[in-house]
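# Need a 3D model of the following:
(one chain, ligands or ions: 1)
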Amino acid sequence: MIQNLFTYPLFVDKNIKLSIDIKEECLNILNDTKISNEYKFGKTTWFNDHNIKKTNLINFKNYVLEQVKIFSDFLKLDINRSNFKISEIWISNMSQYGHHEYHSHVGAYLSGTFYVDVDLNSSNIRFFRPDYLSMKINNVIHFNDYNSKTWDIKPENGLLLMWQSSLPHSVLINESNKRISISFNIDII
Ligand SMILES: [Fe+2]
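The predicted structure is shown next:
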């Protein structure tokens, strides 16, 4: 018998209609966002405001909190006793040659990204096993969730990804001039 000890689930949903509905609002917010030296290839609201205004993107925030409940139910949390809150939420538009180094969102419960408007050659998000630096494996016949060190996901309009915040990830070098996404952290009380 073989039993899984730990696994790293990725929550995936697709809501193309929502991505169309909120695109203009995202573009307006990005238009009002100052360029930052710390984000050289594109624009992000992160350096202006870690939590875009309360009145912005209400439908999106409600959608995310609904999906958080579904994911938390899967994780076998008592969702009736839990209070979920979007602790941080920011919009980014990454241009060509932008990327994000390996990092994790320490201190949050869940983190996620929703792709609002991306191109075919917008770069993948890459997830890393937390032990990927020390894991020794060779001669793999077929990569799967037991023997992979990294996992790439291609962004698509309307794709929502959520993961436990301790899971490391990066964004590969972007080849497109448009990669609009909303990222967020979730707290649980
Ligand atoms: Fe991140």
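
# Can you check the pLDDT for the spatially most central residue of the chain?
Central residue of the chain (C-alpha atoms, centre = their mean): Thr113, 2.6 Å from the mean position. Note on Thr113: pLDDT of 98.

# Just confirm it is within a strand.
Yes - according to DSSP: H, G, I helix; E, B strand; the rest coil, Thr113 belongs to a strand.

# which residues sit in contact with it?
Shown in contact with Thr113 (C-beta atoms under 8 Å, 6 or more residues apart in numbering): 125, 160-161, 181-184. Using the backbone N, CA and C atoms, a C-beta is placed for each residue, glycine as well.

# same question, Val171
Val171 makes contact with 94, 98-100, 123-126, according to C-beta under 8 Å, 6+ apart.

# let's see it at 7 Å
Contact analysis of Val171 by C-beta atoms under 7 Å, 6 or more residues apart in numbering lists 99-100, 123, 125.

# and what of Glu24?
With C-beta under 7 Å, 6+ apart, Glu24 has no contacts at all.

# Surely it is in a helix?
Yes - if the criterion is three-state DSSP, then Glu24 is within a helix.

# thought Gly112 was touching Phe184?
Yes - the criterion here is C-beta atoms under 7 Å, and Gly112 meets it with Phe184 at 5.6 Å.

# Quick check: neighbours shared by these two?
Common neighbours of Gly112 and Phe184 (C-beta under 7 Å, 6+ apart) are Val64.

# Please report how far the residue nearest to the centre of the chain lies from Trp46.
Applying C-beta to C-beta, to the nearest Å, the value for Thr113 to Trp46 is 13 Å.

# Run through the strands of the chain in chain order.
Read by DSSP state E, the chain holds these strands, from start to end of the chain: 10-14, 42-44, 84-94, 100-103, 110-118, 125-128, 150-153, 159-164, 169-171, 179-188.

# so which of these comes closest to Asn62?
strand 84-94 (10.1 Å; C-beta to C-beta).

# what does the closest one contact?
For strand 84-94, the external contacting residues (C-beta under 7 Å, 6+ apart) are 26, 29-30, 41-46, 50-52, 61, 64-65, 68-69, 108, 174, 178-188.

# Which residues belonging to it are considered buried?
For strand 84-94, burial by neighbour count (16 or more other C-beta atoms under 10 Å) applies to 84, 86-94.

# That strand versus strand 110-118: what angle between them?
40 degrees (axes from the mean of the first three to the mean of the last three C-alpha atoms, to 10 degrees).

# so how far is stretch 72-79 off the chain centroid?
20 Å (C-alpha atoms, centre = their mean, to the nearest Å).
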